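# Provided below are the primary sequence and the corresponding predicted coordinates.
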Amino acid sequence: MGAGNGFCNGIAKCSMLGHSVASKYTQIVPSRITDLTPSQPLFGLSRAELAAQMAEAGEPAWRGQQLAEAIYRQRIQSVGEITTFPKELRDRLRAKGWNVCRTRIAQVFRSVDGTERYLVEGVAGPETVETVWMPEGDDGEAGDGSEDEGPFGSAQDRDKGQRDEGQRDSGRARATICVSSQVGCAVNCQFCLTAKLGLQRNLTTGEIAGQVVAVLDRQNVEIGRDRVNLVFMGMGEPFLNYDNFMAAVRLLVEEVGLSPQRMTVSTSGIVPGILRFAAEPPEVRPKLAISLNAPDNAVRSQVMPINRKWSIEAVVDAVCGIKLRPRERVTFEYVLLAGVTDLPEHARLVARLVRRSGLPAKVNLIAWNPGPGIPYTMPEPAAIERFRQTLRAEGVSVYLRRPRGRDIYAACGQLKRTVEG
Ligand code: SF4
């Protein structure tokens, strides 16, 4: 699941939490001057595709490399900003209708905990999607090997050899961006606000990668100095928009310079997608999180109807095929719903499923974030602790995700384009 998967994600929007909405503010963010006509969007094209475009314009292939550098490393927003091109070429391309066409942050909601939720305007349709910046993360990455990027850390990190120093300097060692992959979602998890939107459309490659770049710009993130985690857990199910999702990942790794080992994609359990994902090369494959959310098929089919198509065992067995990097672990996300999924006997069944995978794994517990019209109850703190201790006693690594941005509907399962002034 993309953003929503399972709570998947980590976003929230919520009114029902009883938090004061007066603690947040809404701000319209003026954009920089951007090319406006989406006649020929460049953002989202690979380096080879950009080179082909330049060849079509009668230019040598190395101009394509300059173009990729300008778009993804310098993060320009208009053709007029490509300083490595002579003015005559810039003018000619603009006259032909060439545009960068990046997504744009249209609205910002800021939580008392520093989390920011953005409404982001795409370029392929009028709808906005939601992206979340968590400056201190939500502990979702704890224990999954993120701190050891191994041989596939970002190119900048490897080149500069200053990862640790950069981490300390920036104070952003755990900053996390939660990214959407679709407008709405078709998966219909019963505990998720995003499901109420239904699926409106897939996001393009440029719209998925563009959310990340827009936030990097807003937060003045410098690749190679600041360490940022990405979680594809916003709106939508990434594996139901697989090609665009993976093309965006490749851009973010190969062109923007982010590490795949600091990215996690969460799926609701789309088995064909998991099998494809397991075959991706480790140089570009993010880490995998399965939005489990139930101890058995009876409960899972109730809270996640997608389980009727792919059973809980089929999902866990599909995960077995993934070849993990050293110290990498698969994550099982688990939303605790009072009386439905939070009992000790449920924890014992979850431990059995984790063992069935046969892989190094951990469980991330998420105390359900309430939403209007959703018929579940938040778990009691004592029930959360009991569940956690039962899993531990079964020998399972378990972490509790901290809710971030509940007062602005930015927490897990709360992304539904809620706008409150
Ligand atoms: S409905 Fe979609 S967005 Fe919501 S949790 Fe399920 S897969 Fe994720």
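Cool, got the structure. Remember, it's a predicted structure, so these values are computed and weren't measured experimentally.

# in the stretch 51-200 of the chain, which spans are helices?
Listed in chain order, the helices found in the stretch 51-200 of the chain under DSSP state H, counting those that start in this stretch are 62-68, 87-95, 155-160, 163-170.

# what comes up buried for the longest one?
Buried positions in helix 87-95, judged by neighbour count with 16 or more other C-beta atoms under 10 Å: Leu89, Arg90, Arg92, Leu93. (C-beta placed from N, C-alpha, C; glycine too.)

# same question, the first one
By 16+ other C-beta under 10 Å, the buried positions in helix 62-68 come out as Arg63, Gly64, Gln66, Leu67, Ala68.

# ok, now which ones touch the fourth one?
Translated: Leu67. Residues in contact with Leu67 (C-beta atoms under 8 Å, 6 or more residues apart in numbering) are Leu42, Leu50, Gln53, Met54, Ile82, Phe85.

# quick one: the second one and Leu42 touch, right?
Yes. In this structure, Leu50 is within contact of Leu42 by C-beta atoms under 8 Å, at 6.8 Å.

# what sits in contact with each of those two?
Common neighbours of Leu50 and Leu42 (C-beta under 8 Å, 6+ apart) are Leu67, Ile71.

# so Pro286 makes contact with Thr264?
Yes. Under the contact definition of C-beta under 8 Å, Pro286 touches Thr264, with a separation of 5.7 Å.

# what sits in contact with each of those two?
Leu230, Phe232.

# Dihedrals phi and psi, Met304?
Backbone torsions of Met304, given as degrees, to the nearest 10, read phi -130, psi 90.

# And for the one 4 residues further on?
Here is the backbone geometry of Arg308 (degrees, to the nearest 10): phi -70, psi -20.

# Burial check on it, number of neighbours?
10 (other C-beta atoms under 10 Å).

# How about the one 10 residues further on?
As a burial measure, Ala318 scores 22 neighbours (other C-beta under 10 Å).

# Need the three-state assignment for the nearest residue to it once chain neighbours are set aside.
The shortest distance from Ala318 to any non-neighbouring residue, by C-beta to C-beta, 6 or more residues apart in numbering, is to Ile274 (4.2 Å). Three-state assignment for Ile274 (DSSP: H, G, I helix; E, B strand; the rest coil): helix.

# And the residue nearest the centre of this protein?
Against the mean C-alpha coordinate of the chain, by C-alpha atoms, centre = their mean, the closest residue is Phe232 at 2.0 Å.

# List the contacts of that residue.
Applying C-beta under 8 Å, 6+ apart, the residues near Phe232 are Gly2, Ala3, Val179, Ser181, Pro238, Phe245, Met263, Thr264, Val265, Ser266, Pro286.

# is it in a bridge, and if so with what?
Beta bridges link Phe232 to Val265, judged by DSSP bridges.

# What of Arg104?
Under DSSP bridges, the residues paired with Arg104 across the bridge are Glu121.

# Please renumber the chain so that the first residue is 36 from this point on.
Understood, numbering begins at 36; the last thing we discussed is Arg139.

# In the chain, where is pLDDT below threshold?
Along the chain, the model assigns pLDDT under 70 to residues 36-75, 172-208, 439-456.

# of the contacts of Leu102, list those near the ligand.
Near the ligand, judged by C-beta under 6 Å from any ligand atom, there are no entries from the contacts of Leu102.

# Could you export those as TSV, including neighbour count?
Formatted as TSV, those follow (neighbours: other C-beta atoms under 10 Å):
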residue	neighbour count
Leu77	23
Leu85	23
Gln88	19
Met89	21
Ile117	22
Phe120	20
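
# All good on my end, thank you.
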